[in-house]
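# Quick one: sequence plus predicted model below, questions after.
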2 protein chains.
Amino acid sequence: MAIHAIAFDAYGTLFDVYSIAQLAEKFFPGRGTEVAQMWRSKQIEYTQLRTMCSMYKPFWEVTQDALVYVCKKLGLNLSLDAQNSLMGQYARLEAFPENLAALKTLRASGFKLSILSNGTTPMLQSAVDAAGMQGIFSHLMSVEVVRKYKTAPEAYQLGPDVFGVPAKDILFVSSNGWDVCCATWFGYTTFWVNRAGAPLEELGVVPHGIGSTLTDVIDFVEKFRS
Amino acid sequence: MAIHAIAFDAYGTLFDVYSIAQLAEKFFPGRGTEVAQMWRSKQIEYTQLRTMCSMYKPFWEVTQDALVYVCKKLGLNLSLDAQNSLMGQYARLEAFPENLAALKTLRASGFKLSILSNGTTPMLQSAVDAAGMQGIFSHLMSVEVVRKYKTAPEAYQLGPDVFGVPAKDILFVSSNGWDVCCATWFGYTTFWVNRAGAPLEELGVVPHGIGSTLTDVIDFVEKFRS
């Protein structure tokens, strides 16, 4: 087996979605972490419900819907200012500190790097720019072209289609346990960046590699070069 | 429009999944509610991931997988005794107190009553028996025959197929906001038993009726008799 390209999940893997908790804390004192975590869960849930029901709506809008729901659920007043600020922050999420160096090393080793994400192309472009990752990725693959979110096969199929190789020749990297497990089912070679030290999802499938930061991808992928 | 039959969701709607918190509290003192709530969320998540990835596994097993995951995640030791007891409890969940009388009234009014559930047929039969609901339902529809969980259209299609009428002529009743919204998208006439007083999901779709207990279904459905 030879790895031809690497496809990274964006949110949670390259960009820290929980960094938003700090801003949420400003608007909702004492509730920032709770808001950020529930927002993320609800956002993912909505992508899955819409995918199963063939009711696609772009990720930016789904993200906003999830924020509105969470504030209602928690009994928090979401002012227009708070909504705009929090959504704006989503467009310039912080990257995890090791990411840029790790990506540069992988690129220097000759791997084609890409993003395969639920986010829209403008969201991804904006996050890449904000993180200083211009010129790193050969492709930003957004599920918007298939109108199905991960973990639908149509979404994962973007990688093989774009690179013209079977999924097993692409390394799919995600910090989301559900994402990495379902990508393994799909056929990718997979690496789980288990930043939170979470247990493996009980789905009866195991990623090919597991580490705790993006830097761990470097050693893993070296095994597939010869 | 005339309602021909009523299809009830089972878990959370007829049977109280959180009643399991009391038993969980016995095994995990101080953590019972947390375990029950996370167990339920993870169970639903696994049904959705498996549906999107065409990796069906029966609800009983998915429910067990979810319990195992949640205990690992919370750092709780799940003994075989605890696992067996908690799973056994799932087969004889408590019904909500108003349910039996409400169902009998609806049946006496001439409506055909059924269950449309993610649960396997043995799980549903067991729960119906434990709740003293024998003879109430003309059909127990389990998604096991289509190997797709709600909210996949194949799962909701069971109602029209079994009753031989369009979805709009069947009233679908669920206490799960996501379930009732997606059933509305599918085409059912829908009623949301919003027991928890939760906000409506931000999915851009509204159930046809909303109440707080199963008894509220009686008044709602009367409107569709003439």
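That came through, no problem. Treat the numbers as computed from the prediction; the structure is a model and nothing was measured.
# quick one, longest helix in chain A?
Selection of the longest helix in chain A by residue count, based on DSSP state H, yields helix A:32-52.
# Check which helices and strands the helix or strand that comes right after that one sits against.
As assigned by DSSP states H and E, the chain's next helix or strand after helix A:32-52 is helix A:59-74. Helix A:59-74 makes packing contacts with helix A:32-52, helix A:80-90, helix A:121-130 when contacts are defined by 3 or more C-beta pairs under 8 Å, 6 or more residues apart in numbering or on different chains; DSSP states H and E. Using the backbone N, CA and C atoms, a C-beta is placed for each residue, glycine as well.
# Mean pLDDT added to those, as a markdown table?
Below are the helices and strands packed on helix A:59-74 laid out as a markdown table (pLDDT from 0 to 100):
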| stretch | mean pLDDT |
| --- | --- |
| helix A:32-52 | 96 |
| helix A:80-90 | 93 |
| helix A:121-130 | 93 |
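# So which elements touch the longest helix of chain A?
Using 3+ C-beta pairs under 8 Å, 6+ apart, the elements in contact with helix A:32-52 are helix A:20-27, helix A:59-74, helix B:32-52, helix B:177-186.
# before we move on, which element is A:Asp219 in?
With DSSP H and E as the criterion, A:Asp219 is inside helix A:216-222.
# pull the CA atoms of that helix into PDB?
Below are the C-alpha coordinates for helix A:216-222, written out as PDB (Å, rounded to 0.1, in the frame of the first residue of the first chain):
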ATOM      1  CA  ASP A 216       1.800  12.000  15.200                       C
ATOM      2  CA  VAL A 217       0.600  11.700  11.600                       C
ATOM      3  CA  ILE A 218       4.200  12.300  10.400                       C
ATOM      4  CA  ASP A 219       5.600   9.100  11.800                       C
ATOM      5  CA  PHE A 220       2.600   7.100  10.900                       C
ATOM      6  CA  VAL A 221       2.500   8.000   7.200                       C
ATOM      7  CA  GLU A 222       6.300   7.400   6.800                       C
END
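# Show me the contact partners of it.
Residues from elsewhere that reach helix A:216-222 (C-beta atoms under 8 Å, 6 or more residues apart in numbering or on different chains): A:3, A:6, A:102, A:105-106, A:109, A:111, A:171, A:173, A:191, A:193, A:209, A:211.
# you'd agree A:Arg195 is in a helix?
No - counting by DSSP: H, G, I helix; E, B strand; the rest coil, A:Arg195 is not part of a helix but coil.
# from what I can see it touches A:Gly211, true?
No - contact criterion C-beta atoms under 8 Å: A:Arg195 and A:Gly211 do not qualify, at 9.3 Å.
# got the contact list for A:Lys42?
A:Ala66, A:Tyr69, A:Val70.
# closest to chain B among those?
A:Tyr69 (4.3 Å; C-beta to the nearest C-beta).
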